[in-house]
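Q: Fold the following, please.
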Amino acid sequence: MKGPRLIFVAKPPPEVAAAMWKTVARNGLDSSTLSPQDNWHQTLSDRYGDTPEVRQKMLRAGARVRAQACTLVLNRIRDGVHKGQGKNTIHWSFRARGRPHCFDALLVAVRQALYEEGLATETGHTPHSTISYWAPTRLGPTRMDPIAWTLDELLLVVGGNGKTYSYETIGSWPLQPAPPDPTNTQLRLF
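A: Here you go, the predicted structure:
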C-alpha cells in the first residue's frame, strides 16, 4: 500500500521513551539506524489507506472503543528477520514479558469498533515496539531493567507523509483506568 496510512497505536510517554533510550545506549546499539523516537509505538490495528471515508470511519471507531488501560512490562530487546519487497531486513524491537489479558481485551475492543465501521482487521499484534526497521546486525543478549509502560490512550495516527516517515496524531481517546491491583490493596490492609 502506497501513500499515507491510518493506524491505531499507543505511544510511550516521555519517561518510558527516556528509559527505552537509556537501554538502547547501555547496550551500545547503533543509533543511526533507529527510527525517530517519536515514531516508537505499540500497534493496535491494521493499516488503512488514508481516504476521507476511511478517516471518518476510524475516527468514529476510536470514539467507540471502550477498554481499560493496560500495562506492558518491556524486558528485552529482540531482533527479527522480516521478508518484504524481495529482500530480508533485520528489525530490533522492545518486547514485553507475557501477554496481559488487558492487552488482548484492548485489541478486541479496537477490532470490534473497526468491524462496526465496516473495516476488517486481519492481523494479530503482539506486545512490542519496533525501534529499528533497518538494523545493521542481529542482536546478542541485551541487558535492561524492566520498563513498565501503561497504555492509557488510544491514538489514531496517519503515517507516511513527507520525506522522512513520521506519524501525525489526528485523534486520541483516553482508555478507562485499570482497576486497582487486588494484591496491593490486600497488602495495605495489614
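
Q: What is the helix or strand harbouring residue 149 packed up against?
A: Taking DSSP states H and E as the definition, residue 149 sits inside strand 147-151. If you count contacts as 3 or more CB pairs under 8 Å, 6 or more residues apart in numbering; DSSP states H and E, strand 147-151 packs onto helix 14-26, strand 70-84. Where you see a C-beta, it was placed from the backbone N, CA and C, and this is true even at glycine.

Q: between that strand and helix 14-26, how many degrees?
A: Going by axes from the mean of the first three to the mean of the last three CA atoms, to 10 degrees, strand 147-151 is angled at 140 degrees with respect to helix 14-26.

Q: need the helices for the chain, in chain order.
A: Per DSSP state H, the chain carries helices over the ranges 14-26, 52-64, 101-116, 182-189.

Q: do you know which of the ones you listed lies nearest residue 138?
A: Closest to residue 138 of these is helix 14-26 (CB to CB; 16.0 Å).

Q: burial of the nearest residue to residue 79 once chain neighbours are set aside, as a residue count?
A: In this structure, residue 79 finds its nearest non-sequential neighbour in residue 139, 4.3 Å apart by CB to CB, 6 or more residues apart in numbering. When counting by other CB atoms under 10 Å, one arrives at 17 neighbours for residue 139.

Q: close enough to count as contact, residue 139 and residue 92?
A: Yes. Residue 139 is in contact with residue 92 according to CB atoms under 8 Å; the separation is 6.4 Å.
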